[in-house]
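Asker: Give me coordinates for this.
(chains A, B, C and D)
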Amino acid sequence: MSHARRSIGTVLVIAVPALLIALGMARHTPAASMGQAMSHKRHLAKEMKCRACHQGVEGQALASFPTLADCMDCHKMPQGNDPAEPSVRARAARGDEISWGRLNRLAGHVYFSHAAHVTLASMKCEDCHQDMTAIDQPTAPDIRPDMDGCVACHREKHASVDCLACHK
Amino acid sequence: MKRPPRSTEPAAAASHLGRRELLGSAALAGAALLGCRPKKDPYRIDKPPVPRVPGWRTGEERWVLSTCALCEAACGIKVRVVEGRAVKIEGNPEHPVNRGGLCSRGQAALQALYHPERVRSPLRRTGSRGSGQWKTISWDEAIGEVTAKLAKLRAAGGPERLVLIDGETGTLTHNLWARFLLAYGSPNHVGMGSTGSAAVELDTPYRQGLYGWRADDLERTGLLLAMGTDLLASSGQAMHLQCASRARRPRVICVSPRRPGCRVDEWIPIAPGGYGALALALVHVLLRDALVDSRGFEALPGAGRTPEETTQVTGIPAETVERLAHALAENRPALVASDGSVVAASNGLSTAIAISALNGLLGERERLARVLGTVRMAGWPAPTVDALAAARRAVPRVDGAGTAACPFGQSRVQALPAAIASAKPYPVEALLVRGANPLATLPGRQAWAAALQRVPFVVSFSPWLDETAWLADLVLPESLFLEAWDMVWPAAVTDPPVLSLRQPVVGPVHGTRQSGDLVLALAAGLGGSIGSALPWKRQQDVVETSFPPQSMAAIKEKGAGRSVCADDENCKHGLGEIVDLESTTPHEFAFFARRIASAGTRDGTRSSEAAAGSGLPPWEAPRFSGDPLQFPLHLVPYRPAPFVADGAHAFPWLSELPLVSGNPWPLRAEINPADAARFGVADGDEVLVESSVGSCAAVALVSDGVRPGVVAMALGKSGVVDLVVPDEDRLSGLLAWQGTRVRLRRAS
Amino acid sequence: MKAARAAVVALLALTAAGLYAGGQQWIRGDAVTDLHTIGAGGAVWGLYVVGDGFFASVALAGLAIACLIRVLRARGMEAVAQRGVLLALAGLAASVVCVLADLGRPAAAVIYLPLVGRARAPFFGTFTLVAGASLFASAVQLVLASRPAWAQRAQAGGARFWRALACGWQGTESARRRRARVDFWLSLALLPLLALGFVVLGCVFGAGAGRPAWLARLQAVTFVVSGGAAACSLLLLAVALNSTTEHTADTEAGKQKVRSQVRTLFPFRSVSVSSVASVVKSGARPPGAALARVLALLTSLTVLLVVAGQILALRTPSLSAQRYAYALLAGPWSGLFWAELVLFFVAASVCVARFWRGEPSLFGAAATTLFVCAAVFIQRFLSLVAWQTHGLSLPWPTGSYHPTWVEWEVVVGIAAAAALAFSLLVKLCPAVTSEPAGLSGPEGRGRRFITTTCLLIGLAFASAGLALSGGLGSGRFLDPILPGSPLLFLGGLFLMLSAPLLYELVPERPRPESQ
Amino acid sequence: MKRDDDNLRDSRRKLLAGLAVSAAGVLAARGRALAGESATSDEPDKRPRRWGLVIDLDRCVRCGGCVVACQQENNVAPLGPKQAVRTRPIHWMDFLPPALGSSLPTPIPCMHCEDPPCVKVCPVGATYQSPEGITAQIWERCIGCRHCMVACPYARRYFNWSEPRWPGDELSSLNPDVAPRPRGVVEKCTLCHHRIRAAVERAAVDEEPLSDEAVRRLPACAQSCPTQAISFGDLSDPESEVSRLARSPRATRLLAEAGTRPKVIYLREDT
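Answerer: Below is the predicted model:
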């Protein structure tokens, strides 16, 4: 009996720290941070399209974030009564820029083109991303791309599964 | 049945232990495997913490047109800028100089732009000269300091004691500095001499009697006789020659002591300094065999030389010369083109005249080429020059160019150290150096260092802390060409000639300022007539207002374009005072001779005493420095394809170019197998090359691409310039780069 | 005693130095080696791959010799066989470490090779057949052969350790017969596997862009033959020791002398001299002479092959082969080349002169071993490195390769660690041929079924894994059809090789009738 | 006891059968996927492209522009003089030293062989031949065994002997379309596949066919060439410029006898 207990103890002594180490090395999820408080829900409720702000989504690889100048296209005039709005206007007047937080980052050796998926494959934003009409801020990361997922979809849609299609 | 012994029982217990260990080690192995996962994505391009460039969206990219500045050719470039950072330079396909091509230098320019050793703000020397102790100061402070000094110097009545060494020509900025010196009252705007553009500049004025650069119709040329080591690979003409002759490649015969790096139809090895003699011999054959129309060439000195007589100077057999002359006559239109290395000899002017005569005799230069006149600004008012400036501008130049010592010279930078050291004709009180590093790129390093020590006030505008800047009192780092506005006259002149726009492709990476802004700030600081001579606020305004708006719009769209003058009055001061030789009598060589005789230099006033009675200087044989017995070989310094005159260290890729073979970094001494056998040197040996003034270590490269009796060494790496004896052509004032004798031995 | 301790300390120090050097390489990258890009004046494969080839070929040859001995049922040579297996284990482990030291990204290799390894690549064979299967096979051989000795120690009141190792061992006559059967069949089955492994290694070493096919094949053959020579010489050293033991073990003084000699070579206290002596005594004739003859033959054959290769290379139309031959004969590699030939020649002479009659001396054996191993190492070095520096098809500049201290330290450290491991294994697994008289016991059932099942499942897995990682069908496809197929193949091989172990280990279940 | 045994055996059988069935299922699924792919790639109107380069040695001026253009485009890190003492340079586009009758160096990128020896030896499939004929290397997969470097008869592959470093702000000039390679992997010319991909994508967005004129100067080396000595295009299209040039009597291939069938074709007058 004591023998068995001792063996369990040994296993615990070895395995628990190992597990802890393993857990500590696993990737931790970064908290969502957008760099500037803004509500996707409210913007989309005003019949805005995603591409109004993410202007690169149809023509380039990165969907891109708006510059403050883009924001000022509408926000030059007060839009509603959000107390944060004047401060944004002040920043724009100073020539400041918002450093938007990127929620999704692909591995550095992976190429992903929004243009190819949105314009050529006619995919919708919601096919991969969260539905932003319901929430103010997305949770990070809102998609977790893995190669199997990409390849499965490419196979299904008869898109290229050549390595060079996505690797750079 | 007897049971086996009980040895299995404890064994079972033991195996239990084994299992426990197994479990534990498996867990450990799992943890270790997890630990092996790369913690950081090694493929991520983490841009350094450069502040976000305002106005750029993520992933946004633009292409910005500009003009390269790494040689005098002024190729059009197209820069890919992503999120405000330049990531790739390509040739501008719309640009008439390079038509989309771009050589290694232009491609590597981003390395210089983002180089970690760039000077990031003005520096003031705190320790003794050369001690390397610097203090960072603000731009206002730096400019204030320079203006105070210059104002003091002018107030003391000696504005001519200000000297500007300017490594740049053919740009609006250069003209701004010239205007600044004009208003300030100093004649001493000194160029950098013959490795760069000055030698090319000499080409046309002395041959055609005009100041400006030639435009050759390369698409029609049937035979190109290319003279010199660099013409086809690295000269200011190279890119244009190569790009413009794409469609119908002419037959190319190259004459030089070193085989050019590119494919030519024939290579004729020639002794250094022998180009003029070859041209005269060709003229002789052309006249003797009545292959050409000979009117007007009676006055050509030395024209009676037969190929046999010149063999000793050129090292080319007479029958080769005969064959070449007939080839020139048969493959018309034929063109003789040459580079800076051809005239960088003690008989430079003679050579230029002889080559020009050959071209004139062939009668093709005039049909193939049009020569530009001097370029002035359309929108620039005549400069205000006060009495002091007008008076002091007239004193002889400190480098002696244009005086009896150097009648046809425009600039004689190699005479500067001696002039400063002897304080004759007058002492130099302030020295400004921009776009140049004379200490490292000109021979006589020791003399230069001593001279710089004697000048009380030295300002360097170098973007690097180079050898010259190291000895300066102030370093005011100029922006690099990718961060600056300018307008450039390409040295490789196209037909029709164009202006090439330079605009910032990125904002200043560090706190540097454009050279034009600096000179404007200096002028504004000095005020008075100087301030009103340069009335603009910014360099950008100068660029945008100096040319007619419709021309400017076209230039901005394509990166280069022709400036059109609206009326005669503007044209007088404007661009495009084009003298078309077709409208003169093309075959009348006297036209050229008269020009030389009457107007040897730019203003035609100071050279009258020097002009020889016959109208032309007599033919000269080349002269070499060093005892032929002691120094049996000729040094041929050449510009390799990736040659950058200044700041070569900032382009590691150019140094790593695998053009020769193997390890690309060390300096190579290229010699003929015959000489290698004579001096007991094998390929790859460490050798010592010595001249009468210096020595340098190199690695031997034994190659039959070098003429016997010659050591060819690439310029741009330190060491070669130390070998060169600073002799010069006494008429043109050009440094005789090709006039040094050396010896070579294995390093022990 | 002192010498033995000093030897252990020295080996430990060398191993530590190797670890340090390996750490330097880990931190600073492969730039600390003298390996360079082919064509830019260097070799991309250097000392590490040479070490891999050396250790692996010695190990395979050792295992092959052991298998041959067992297949031929030369009981007198059992001690040699046992040493051969130990050599295989230590050598294969060393070769694996050499490969890991050479790889640019060893961690990625550990993940990707089992996951997506491709059967068409030579490296696949290296890591499955040579590193995986052979290592496992030699371990199985070792366990099977050492269990009587472990059981002896366990019965003599040894630690739980020995009992764990010997669990389930029965001294019955049937068990012994069974084991002999297993030994025979396992050895017989291993021989083709080893041949395949040798072919793979030979291919890797014979490879080289633009090498004429005949030269590549000749190099591969030379590789195999010289590997055999090196293994023979190493075994000869072990046998020489035993022979010395035989001559002197009878007297007490002699025993003392043997002890000291034994400790010099196997520096652990509990080497059972008597058991070693008994092994040799039980043999009909000293195995040294046979080994020496084989060694002399293999060495001469190697010299012949090397010389033939040179002559052919000089006369071939292939310019690169000519350049390579000249570089060896008179170029920068000539010193090494001639040294190799001289070493081979001297070793062969010593073999013929001293050992032909079967009178091996410890000193002579040690010298021969040193000569042969050095020559074989040089042979591998030249066939691998000199081709990269001088055998290029295009006119790239010729290269050079002078291994840095890091590379030497790592390889020497690996060799030292292998020697330590060998000594440790000798201590743990003494060769015992004279088992205590067994008790008779019944033959259990069930054993055969389990073993056969294991063998069949293993075979199925291995063939499926091989087919799947071979890309089955489409040549365009990058990856194995099923990720992890190489692991399947390797697992199948392991299962197959575990079958004899199962056969041995499955607990005896009495026949139902007897109950 | 016996019944138990039989049960056990049965269950074993079941297990084995289950394993076999599931393995067959997986195989079948994969096989279907394979079949599906080959069907899509063999559409009659879409002939698979075979990208290739033609280098005219008679036009090449050996200016080195292509070498530096390639380095800048593909994020090759400079070495600096310290590393270069025993140099380990990376030049996807390199110059083959002059030899064998030629007096000039030859620009030499990866040959993108039709039958690439490097692909055959890669143990993990890090290098492979893409459907458009590019001999590609997936950096992430590479384990750094350098077998491909030994196998390549042209010596056109490079190993990262140390971590690439870009001093100071030079990281700013890195091309975001190309992943930098970490230490320990082999890298090589990709024929600027990222530029091809971008061009294909752009043509698709603009709904225009990808014309031969549009791709002729697509790779960085071809773009920079002052004399347009380098042409790029689809060798399987008989109308393309590269195909036309490849039919020229001046066309030769390097080491044609090696049987690698390079897709880089040199033009040279026989002299």
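Asker: Distance of the residue of chain A found nearest chain C relative to A:His154?
Answerer: Nearest residue of chain A to chain C: A:Cys163, at 6.6 Å (Cβ to the nearest Cβ). Placement of C-beta: from N, CA and C, glycine included. Distance of A:Cys163 to A:His154, given as Cβ to Cβ, to the nearest Å: 11 Å.
Asker: Repeat that for B:Val519.
Answerer: Spatial separation of B:Val519 from A:His154 under the definition Cβ to Cβ is 59 Å.
Asker: Between these two, point out the one with more neighbours.
Answerer: Neighbours were counted for B:Val519 and for A:His154 using other Cβ atoms under 10 Å in any protein chain shown; B:Val519 has more, 25 against 17.
Asker: which strands and helices sit next to the helix or strand hosting B:Arg323?
Answerer: Secondary structure from DSSP states H and E places B:Arg323 in helix B:318-330. Packed against helix B:318-330, as judged by 3 or more Cβ pairs under 8 Å, 6 or more residues apart in numbering or on different chains; DSSP states H and E, are the following elements: strand B:223-227, helix B:275-288, helix B:307-314, strand B:334-338.
Asker: export those to a markdown table and tack on mean pLDDT?
Answerer: Formatted as a markdown table, these follow (pLDDT from 0 to 100):
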| stretch | mean pLDDT |
| --- | --- |
| strand B:223-227 | 90 |
| helix B:275-288 | 88 |
| helix B:307-314 | 86 |
| strand B:334-338 | 84 |
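Asker: Indicate which one of the ones you listed is closest to C:Ala16.
Answerer: Go through the helices and strands packed on helix B:318-330 one by one with Cβ to Cβ and the one that ends up closest to C:Ala16 is strand B:223-227, at 65.2 Å.
Asker: could you give the angle of the closest one to strand B:334-338?
Answerer: Going by axes from the mean of the first three to the mean of the last three Cα atoms, to 10 degrees, strand B:223-227 is angled at 20 degrees with respect to strand B:334-338.
Asker: helix or strand right after strand B:223-227?
Answerer: With elements assigned by DSSP H and E, the helix or strand that comes after strand B:223-227 is helix B:238-244.
Asker: Restricting to C-alpha, output that following helix in CSV.
Answerer: Output for helix B:238-244, consisting of C-alpha atoms alone and laid out as CSV, is shown next (Å, rounded to 0.1, in the frame of the first residue of the first chain):
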residue,chain,number,x,y,z
ALA,B,238,27.1,53.6,-68.9
MET,B,239,23.5,53.2,-68.0
HIS,B,240,22.3,55.4,-70.8
LEU,B,241,24.6,53.7,-73.3
GLN,B,242,23.4,50.3,-72.3
CYS,B,243,19.7,51.2,-72.0
ALA,B,244,19.4,53.3,-75.1
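Asker: Show me what secondary structure element comes after that helix.
Answerer: Counting by DSSP H and E, the element that comes right after helix B:238-244 along the chain is strand B:251-255.
Asker: tell me the angle of that next one relative to strand B:223-227?
Answerer: Orientation check (the same axes, to 10 degrees): strand B:251-255 against strand B:223-227 gives 20 degrees.
Asker: Neighbouring strands - and their directions - for strand B:251-255?
Answerer: In the sheet containing strand B:251-255, the strands it pairs with under DSSP bridges are strand B:223-227 (parallel), strand B:266-268 (parallel).
Asker: So is stretch A:67-85 next to chain B?
Answerer: Yes: if you take Cβ under 8 Å from any Cβ of the partner chain as the test, stretch A:67-85 does meet chain B, through A:67-70.
Asker: Just the closest of those to B:Leu182, please.
Answerer: The shortest distance between B:Leu182 and any of those, using Cβ to Cβ, involves A:Ala69 and amounts to 43.5 Å.
Asker: Can you tell me, leaving aside adjacent residues, what's nearest to that closest one?
Answerer: In space, not counting the residues next to it along the chain, A:Ala69 is nearest to B:Gly55; the distance is 6.5 Å by Cβ to Cβ, 6 or more residues apart in numbering or on different chains.
Asker: Confirm that A:Arg144 sits in a strand.
Answerer: No: under DSSP: H, G, I helix; E, B strand; the rest coil, A:Arg144 falls outside any strand and is assigned coil.
Asker: show me the contacts for it.
Answerer: The neighbourhood of A:Arg144, defined by Cβ atoms under 8 Å, 6 or more residues apart in numbering or on different chains, contains no residues.
Asker: Could you tell me how far it is located from chain B?
Answerer: Counting by Cβ to the nearest Cβ, to the nearest Å, the gap between A:Arg144 and chain B amounts to 15 Å.
Asker: before we move on, what about C:Glu409?
Answerer: The spacing between C:Glu409 and chain B, counted by Cβ to the nearest Cβ, is 24 Å.
Asker: burial of that residue, as a residue count?
Answerer: Around C:Glu409 sit 21 other residues, with neighbours defined as other Cβ under 10 Å.
Asker: what residue ranges in the chain score low on pLDDT?
Answerer: This is for chain A. Within chain A, the segments meeting pLDDT under 70 span A:1-14, A:17-18, A:20-35, A:140-141.
Asker: Let me rephrase: I mean chain D.
Answerer: Per-residue confidence for chain D (pLDDT under 70) gives these ranges: D:1-46, D:80-87, D:99-102, D:270-271.
Asker: could you pull out the helices for it?
Answerer: Along chain D, the stretches classed as helices by DSSP state H are D:2-41, D:65-73, D:81-84, D:117-121, D:147-151, D:193-205, D:212-215, D:220-224, D:241-246.
Asker: Perfect, that will be all.
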